[in-house]
Structures are given as C-alpha cells and as structure tokens.
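Engineer: Need the 3D shape of this:
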Amino acid sequence: MVEWHKILGHALRDSCYSVGIDRELKIKQFVDILVIEEHEGKRSDDSFLKGLENLSKYNLITYKSLRQPLDSWTLDELTSYYVLFRKMISPDQKRLISEQKFKLYGISTRFPEKLNKQEPFEYKSPGVYEIKRGTNEIEILVICEMPREQRTALWQIFSTKPEMIEYGLSEYKWKREDYRKAVINELAMKYKEEGIKMSYTEQDFFRDVALDTVGFLTPEERLRGLRPEDRLKGLKADQVLRNFKPEEIITQSFSLIPFIHKFS
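Structural biologist: Model prediction:
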C-alpha cells in the first residue's frame with residue numbers, strides 16, 4: 001500500500017520546513033472521568049441522574065468547577081481524548097469500535113457564557129444542552145441551572161449556592177457510605193477554599209469517622225477522658241448495681257447514692 005503521507009512529508013522537506021514523519025507524540029493524556037456503562041440505552045428509572053439518561057457504552061466526561069471555564073479548548077481536548085481512546089480500545093486501526101458506542105459530556109458548575117457565544121448550544125431541558133462538533137454531539141450539563149428535584153440531588157452538591165448544596169446533601173441517597181464521606185470531606189475543604197459555607201463541615205466529617213472507628217477501640221480507650229457522671233448517663237440503677245458485689249455496694253454506698261438517684 002502506498003503511504004502517501006510519507007511521500008508528501010519527504011516532498012515538504014525540500015522546502016524550508018523542518019518535517020517529521022510518523023512522529024510519535026509522547027505526551028500523557030488524562031480524561032477527567034470515564035464511565036463505562038454496562039446497560040446502554042435510555043433509562044426508564046426516573047431516579048437516574050438528570051442529563052445522564054442516555055449513556056452509551058463508553059462515556060468521556062470533562063468537568064469544570066466554579067473557577068474553571070468550560071471553553072472551546074476544553075471541548076477540543078475532550079474530542080482528542082475520544083479519538084485516542086477509541087483507537088486504543090479498538091481491535092486495530094482499520095476496525096474501530098462504532099462511534100455510536102461513545103458519548104461525550106461537558107459538565108460545568110456555571111453557565112459557559114463565552115463558549116455559548118462562540119458555539120451556540122441547543123437547549124434540551126433545564127440545565128441540559130447539546131453542541132455539535134463534526135460527527136460528535138456533546139452534551140453540556142450546567143449544574144447551576146439544574147432544577148431542584150431528586151434526580152439532580154447529586155449535581156446540587158456541586159452547586160455554588162449553600163441552600164442547594166444542603167438540599168443535595170439531604171436528598172441524595174448514597175449507595176456506599178465510604179464514598180459519601182470521602183466526597184463530602186473533600187467538598188468541605190474545597191468549599192472552604194472557595195469561601196462557600198456548607199452545613200456539613202470538616203468537624204462533622206471527623207465525628208462521622210470517629211463513629212465508624214469507635215468499634216476498634218477498647219472499652220478503656222472509649223471511656224478515656226469522660227467524667228464519672230458522663231459514664232453513667234443512660235444507665236438505670238439496677239444496671240449500675242449489678243456490676244458490684246454486695247460488700248462493694250455497702251462500702252461505696254455513700255458515693256454511689258447521688259448518682260443512682262440522679263440516673264434512676
């Protein structure tokens with residue numbers, strides 16, 4: 001097979017250009033998020049995240065937070081990641097996996113005004129837009145425009161409005177507790193940097209971690225630092241007395257009576 005690009009490259013070398021042929025581009029590329037969906041097609045489950053109802057097999061996502069712009073260059077990168085990833089997972093360059101197996105998403109905390117002026121979006125539903133680039137249709141999800149409903153609860157956690165963040169935290173049903181705590185702790189620190197107040201603080205996170213790990217402590221370690229009256233809270237008199245021998249009760253009666261009366 002004639003490799004026409006090599007012939008053209010050699011011809012260009014006759015000019016004043018410095019020409020490389022079949023040059024490997026040694027640069028690491030990282031797509032923000034890659035979602036590989038096991039069940040393709042439209043979702044009938046109304047609780048599924050708004051904007052992600054039509055996932056394909058391979059879904060490449062770029063995300064821009066409050067201080068980061070979702071712009072034309074960002075979408076250029078996303079498209080390039082799609083091309084590279086499609087080549088990487090296909091059997092070979094002559095048998096590329098169907099483009100129908102891929103979907104591209106741009107998620108932005110705020111509405112990307114500049115991008116919309118350069119490449120106007122097509123409105124699909126509140127907070128959901130679409131932009132066409134070549135053969136790609138890129139879904140644009142705008143978190144600040146997402147309506148307040150169960151299907152957007154996760155998006156609201158990444159909002160900029162404290163009331164919407166709190167709504168998301170209270171309404172989103174986490175499937176795994178370790179994910180919930182990891183995400184919320186990182187968000188608490190990030191929002192602190194951004195100057196955004198949220199009801200779930202770092203102290204709340206540390207308290208939750210302590211509750212999770214208390215089972216690993218010995219009884220002595222759990223009680224360390226507690227006052228005697230704090231140790232007896234919630235206990236009835238008979239629960240306290242059953243831990244003492246009769247002679248100990250008689251000996252310690254004067255010191256125990258006030259606490260027994262108090263918590264009985």
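Engineer: Which strand residues bridge residue 103?
Structural biologist: Residues in a beta bridge with residue 103, per DSSP bridges, are residue 59.
Engineer: hang on, it packs against residue 130?
Structural biologist: No: judged on CB atoms under 8 Å, residue 103 makes no contact with residue 130 at a distance of 11.0 Å. From N, CA and C alone the C-beta is placed, and that goes for glycine too.
Engineer: excluding its backbone neighbours, what's nearest residue 125?
Structural biologist: Take residue 125 and drop its neighbours on the chain: the residue closest to it by CB to CB, 6 or more residues apart in numbering is residue 50, 7.7 Å away.
Engineer: Between residue 103 and residue 130, which is the more surrounded one?
Structural biologist: Between residue 103 and residue 130, residue 103 has the larger neighbour count (other CB atoms under 10 Å), namely 23 against 12.
Engineer: May I have the predicted confidence score for the more buried one?
Structural biologist: pLDDT recorded at residue 103 is 95.
Engineer: The residue nearest to residue 125 contacts residue 153, doesn't it?
Structural biologist: No: using CB under 8 Å, residue 50 makes no contact with residue 153, being 9.6 Å away.
Engineer: which residues do residue 103 and residue 130 both contact?
Structural biologist: Residues touching both residue 103 and residue 130 by CB atoms under 8 Å, 6 or more residues apart in numbering: residue 139.
Engineer: What are the boundaries of the strands in the chain?
Structural biologist: Taking DSSP state E to define them, one finds strands in the chain at 33-36, 58-64, 102-108, 122-125, 128-133, 136-142.
Engineer: for those, which one sits closest to residue 159?
Structural biologist: With CB to CB as the criterion, residue 159 lies closest to strand 136-142 of the strands of the chain, at 10.7 Å.
Engineer: hmm, who's touching that closest one?
Structural biologist: By CB under 8 Å, 6+ apart, the surrounding residues in contact with strand 136-142 are 51, 70, 75, 78-79, 82, 103-108, 110-112, 121, 127-132, 155.
Engineer: Going through these, which ones are buried?
Structural biologist: Listed as buried from the contacts of strand 136-142 are 51, 70, 75, 78-79, 82, 103-108, 110-112, 121, 127-129, 131, 155; burial here means 16 or more other CB atoms under 10 Å.
Engineer: about what we covered before: and for the residue nearest to residue 125, the neighbour number?
Structural biologist: Neighbours of residue 50 (other CB under 10 Å): 21.
Engineer: And it, what's its pLDDT?
Structural biologist: Listed pLDDT for residue 50 reads 91.
Engineer: quick one: contacts for the residue nearest the centre of the chain?
Structural biologist: Compute the mean C-alpha point of the chain, and by CA atoms, centre = their mean the closest residue is residue 183, 6.3 Å away. Shown in contact with residue 183 (CB under 8 Å, 6+ apart): residue 157.
Engineer: State the distance from it to residue 172.
Structural biologist: 10 Å (CB to CB, to the nearest Å).
Engineer: Please apply the same query to residue 18.
Structural biologist: From residue 18 to residue 172 the distance is 55 Å (CB to CB).
Engineer: and if you look at residue 38?
Structural biologist: On the measure of CB to CB, residue 38 and residue 172 end up 22 Å apart.
Engineer: Pick out whichever of these two has more residues nearby.
Structural biologist: Ranked by neighbour count (other CB under 10 Å), residue 38 and residue 172 place residue 172 first, with 17 against 6.
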